[in-house]
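A.B. asks: A structural model of the following input is requested.
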Amino acid sequence: MKIRNAAIGAAIALIAGSIANAAPMYNTIQAAPGGEQNVSSILGILFGGSFNAVGGPGSLDLGNGSITAQRIADGNVGGPMSLTASVGTLNTSDGQIWTGSQVSFEVKAKYAGDNSVFGWRDDTNGGAFSLVTNTGNLGASGTFDVSSSFRWALQDLSTGKEFTSRISDNVDGSGGTHGQLVTYRMTGAGFSTPTWALFWEDRMGSGADYDYNDSVIVISAMIPAPGSAATGALGLILVARRRRR
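C.D. replies: Okay, here's the model as predicted:
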């Protein structure tokens, strides 16, 4: 019995170790169709310069020389939050589940004909949905409070579909799951608070082009100054053409 239990324990440890050590998973970004901006060009319009691959072979990070858009893994990130910020009130390890308190947002771009809204689901409160803004309101900005465990959410009002930052939530008619969000952590010149750029795909499976430019939201942590209320500001607004599907 002791030998059998030891063998079972070793097998469990091996499986757990394999999961923890699995290579991070990244959603594949396809080229944008003609007349639309792709992810790298949108980053350049928003933050200046030309964003190109940086970081050596295999890196998915993009940079313009002074700013780096660090690609956050979309899955298979085990253990503690390895990419959390050392300051601020917003953290994630793999772009799926987040923790925070107060954040600021700005709607940056939209290349989609669908009517969609952006918000978050509170996993400390049964997954309750909180609306932030309609993604067609380019330049809309503000602040809101989040919880210690939540998911970003995009609700496509045109199709009645909802997608979240957690891949397992996005299930197609055949039972397949899809990553509908690509996340970049913005670092370098001009970023005094932890900042992320969220690039959404608003269709799923065979009906999607997976260029991840349908709605672009920039999120920043709020850092309260001593003795004052938290303040924050986000940069340029990208006015994007909308496509018809």
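A.B. asks: Run the chain-centre distance for stretch 116-129.
C.D. replies: Its chain's C-alpha centre and that of stretch 116-129 lie 15 Å apart, by C-alpha atoms, centre = their mean, to the nearest Å.
A.B. asks: do stretch 36-43 as well
C.D. replies: 16 Å.
A.B. asks: quick check, residue 45 in a helix?
C.D. replies: Yes - counting by DSSP: H, G, I helix; E, B strand; the rest coil, residue 45 is located in a helix.
A.B. asks: show me the contacts for the residue nearest the centre of the chain.
C.D. replies: Nearest to the mean C-alpha position of the chain, counting by C-alpha atoms, centre = their mean, stands residue 183 at 3.4 Å. Listed by C-beta atoms under 8 Å, 6 or more residues apart in numbering, the contact partners of residue 183 are 71-72, 74, 92, 95, 165, 196-199. From N, CA and C alone the C-beta is placed, and that goes for glycine too.
A.B. asks: now those: which count as buried?
C.D. replies: 71-72, 74, 92, 95, 165, 196-199 (16 or more other C-beta atoms under 10 Å).
A.B. asks: Just the closest of these to residue 36, please.
C.D. replies: residue 199 (12.5 Å; C-beta to C-beta).
A.B. asks: Please, which helix or strand holds that closest one?
C.D. replies: Assigned by DSSP states H and E, residue 199 belongs to strand 195-200.
A.B. asks: Next one: residue 45 from residue 51, what distance?
C.D. replies: In this view, residue 45 and residue 51 are 10 Å apart by C-beta to C-beta, to the nearest Å.
A.B. asks: Same drill for the two, tell me which one is more crowded.
C.D. replies: With neighbours defined as other C-beta atoms under 10 Å, residue 45 and residue 51 compare such that residue 51 has more, 25 against 18.
A.B. asks: Would you mind confirming that that one is in contact with residue 66?
C.D. replies: No - contact criterion C-beta atoms under 8 Å: residue 51 and residue 66 do not qualify, at 11.0 Å.
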